[in-house]
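S.K.: after the sequence you'll find the predicted model.
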Amino acid sequence: MHGPTPLWWAIDNGHEEVARILLERIDVDPNRADEYGRTPLSLAALHGYERLVRILLERNDVDPPAADRAGRTPLWWAAQKGHEGVVRILLELGKVNPDTPDRDGLTLLSQAAQYGEEGVVRMLPEQNHANHDTADYEGLTPLLRAARKGRVGVVRILLGRSDVNYNAADRCGDTPLMLAAIYGRWEVVKILLGRSDVNPNKENWRGQATLSAAAECGHVGVVGLLLERSEVNPATADQYGQTPLSRAARFGREGAVRILPEQDEVNPDRTDQDGRTPLSRAARYGHDGVVRILLGREDVNPDTPDKCGRTPLFGAAHHNHKMVVRQLLGRDDVSSDIRDEYGQTPLLQAVQYGHERIAKLLQDHTNFTPGYAASLQPTGVFSPELPELPLPPLERTHRSNQE
């Protein structure tokens with residue numbers, strides 16, 4: 001039978017004298033765990049009760065390495081909570097291996113690094129115990145966890161060690177610098193960039209470099225730091241042909257979109273492998289602020305078609321982004337009746353998908369020929385004069401297979 005015992009409750013509430021009295025009884029098991037597998041020693045370590053930890057360890061039958069159901073030992077709990085005194089007591093016993101992971105693969109040092117427990121991180125090298133580059137189930141080393149969480153002090157400590165790989169990557173190929181950039185840890189990025197052996201151009205498994213990740217996440221400060229580095233090329237594309245500007249535009253990161261085109265190497269009208277420009281990406285996803293910024297540039301063509309012949313207006317009409325459609329139609333150099341390779345126009349796209357307000361905007365702006373409308377069957381979505389769209393070949397095949 002499992003559950004809290006009188007000794008467990010005494011430890012939980014920090015009652016030292018009661019714990020002493022109970023431990024003097026031969027019928028009290030000092031290792032009796034609760035329903036989660038936590039022993040009295042785990043509980044004392046979790047709360048940081050140093051005197052209770054010592055009282056328990058006076059018993060020869062107390063098991064210091066005993067782990068709970070999650071694989072967490074008393075030392076693991078003390079380290080996570082930053083109880084340096086308890087950590088030191090348990091390490092001095094020499095009976096607990098700090099590199100033993102819990103069921104999630106997290107070691108003592110990984111936990112301490114993640115939670116920013118600088119004292120514990122400093123203590124482990126003194127005790128000559130922990131492997132500072134042990135990776136967990138996610139492939140994260142202590143440095144990777146500290147960088148991801150923005151633990152500046154821990155990062156400084158770990159960077160001072162010769163046995164730490166500063167460019168080690170997790171299972172996604174993300175380095176400490178990459179994770180710090182993704183999560184906007186500006187101070188950590190600055191520290192890491194201060195080292196000559198940290199590579200800011202190392203790509204992850206997505207073919208994305210640090211600048212692209214920072215731009216995608218909209219961390220303008222981090223983008224600025226990276227742009228100061230001469231070895232960072234802001235025009236470098238990933239495996240999909242998308243540049244940092246493309247990624248920033250795709251996710252609506254207005255700050256990054258303002259900064260990146262100012263770099264000499266950046267072509268704000270560059271197309272990716274689908275033939276889409278940053279403006280096309282922003283229009284497709286309805287980021288009207290980014291669209292406004294890009295339309296304000298003389299070096300951006302608002303009517304560039306992608307590989308299917310679809311301009312930014314197509315994407316905005318298809319996905320029902322009214323504000324973007326309004327902005328694009330306000331330009332004299334945007335064609336509202338251009339046809340893609342399937343013979344469709346932005347108006348036909350809006351009608352097919354039932355976007356009545358977009359269809360109205362486009363119809364008012366487009367030189368719409370009744371003869372063309374009469375040649376197609378009406379949908380009645382907006383008016384009997386609006387045609388049902390001819391489906392592209394692949395869509396027609398897919399639909400006919402379903403019918």
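M.R.: The structure has been received and is ready for your questions.

S.K.: just the helices in the stretch 251-400 of the chain please.
M.R.: 254-259, 278-284, 288-295, 312-318, 322-329, 346-352, 356-365, 370-374, 393-402 (DSSP state H, counting those that start in this stretch).

S.K.: now do stretch 348-363, average pLDDT.
M.R.: Summarised as a single mean, pLDDT over stretch 348-363 is 92.

S.K.: same check on stretch 111-123?
M.R.: 90.

S.K.: between the two ends of that stretch, how far is it?
M.R.: Stretch 111-123 has an end-to-end distance of 14 Å (C-alpha to C-alpha, to the nearest Å).

S.K.: name the SS class of Val62, please.
M.R.: coil (DSSP: H, G, I helix; E, B strand; the rest coil).

S.K.: rewinding a little: could the helices of the stretch 251-400 of the chain be laid out in JSON lines, adding distance to Asp99?
M.R.: For the C-beta atoms, the positions are set from N, CA and C on the backbone; glycine is no exception. Converted to JSON lines, the helices of the stretch 251-400 of the chain look like this (distance: least, C-beta to C-beta, whole Å):
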{"stretch": "helix 254-259", "distance to Asp99": "40"}
{"stretch": "helix 278-284", "distance to Asp99": "46"}
{"stretch": "helix 288-295", "distance to Asp99": "47"}
{"stretch": "helix 312-318", "distance to Asp99": "52"}
{"stretch": "helix 322-329", "distance to Asp99": "54"}
{"stretch": "helix 346-352", "distance to Asp99": "59"}
{"stretch": "helix 356-365", "distance to Asp99": "60"}
{"stretch": "helix 370-374", "distance to Asp99": "73"}
{"stretch": "helix 393-402", "distance to Asp99": "54"}
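
S.K.: what sits up against stretch 36-56?
M.R.: Residues from elsewhere that reach stretch 36-56 (C-beta atoms under 8 Å, 6 or more residues apart in numbering): 7-8, 11-12, 14, 16, 19-20, 23, 30-33, 57, 62-64, 66-70, 72-75, 77-78, 81, 83, 85-86, 89-90.

S.K.: among those, which are in helices?
M.R.: Judged by DSSP state H, helices contain the following of the contacts of stretch 36-56: 7-8, 11-12, 16, 19-20, 23, 57, 74-75, 77-78, 81, 85-86, 89-90.

S.K.: about what we covered before: mind putting the helices of the stretch 251-400 of the chain into TSV with distance to Ala180 and mean neighbour count?
M.R.: Output for the helices of the stretch 251-400 of the chain, formatted as TSV (distance: least, C-beta to C-beta, whole Å; neighbours: other C-beta atoms under 10 Å):
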stretch	distance to Ala180	mean neighbour count
helix 254-259	16	21
helix 278-284	25	29
helix 288-295	25	22
helix 312-318	33	28
helix 322-329	33	21
helix 346-352	41	26
helix 356-365	41	18
helix 370-374	55	10
helix 393-402	43	10
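
S.K.: before we move on, the earlier item: filter the ones in helices among the contacts of stretch 36-56 to the buried ones?
M.R.: 7-8, 11-12, 19, 23, 57, 74-75, 77-78, 81, 86, 89-90 (16 or more other C-beta atoms under 10 Å).

S.K.: out of those residues, which two sit at the greatest distance?
M.R.: Leu23 and Lys81 (23.3 Å; C-beta to C-beta).

S.K.: any idea which residue sits dead centre in this protein?
M.R.: Centroid check for the chain by C-alpha atoms, centre = their mean gives Ile182 as the closest residue, at 5.9 Å.

S.K.: least confident secondary structure element in this protein?
M.R.: Of all helical and strand segments in the chain, the minimum by mean pLDDT, DSSP states H and E falls on helix 393-402, at a mean of 34.

S.K.: which ones are touching Leu109?
M.R.: Ala79, Pro98, Asp99, Val120, Val121, Leu124, Ala130, Asn131, His132, Thr134, Pro142.

S.K.: and which of the buried ones among the ones in helices among the contacts of stretch 36-56 is nearest Asp306?
M.R.: Asp306 lies nearest to Lys81 out of these, by C-beta to C-beta, at 54.0 Å.
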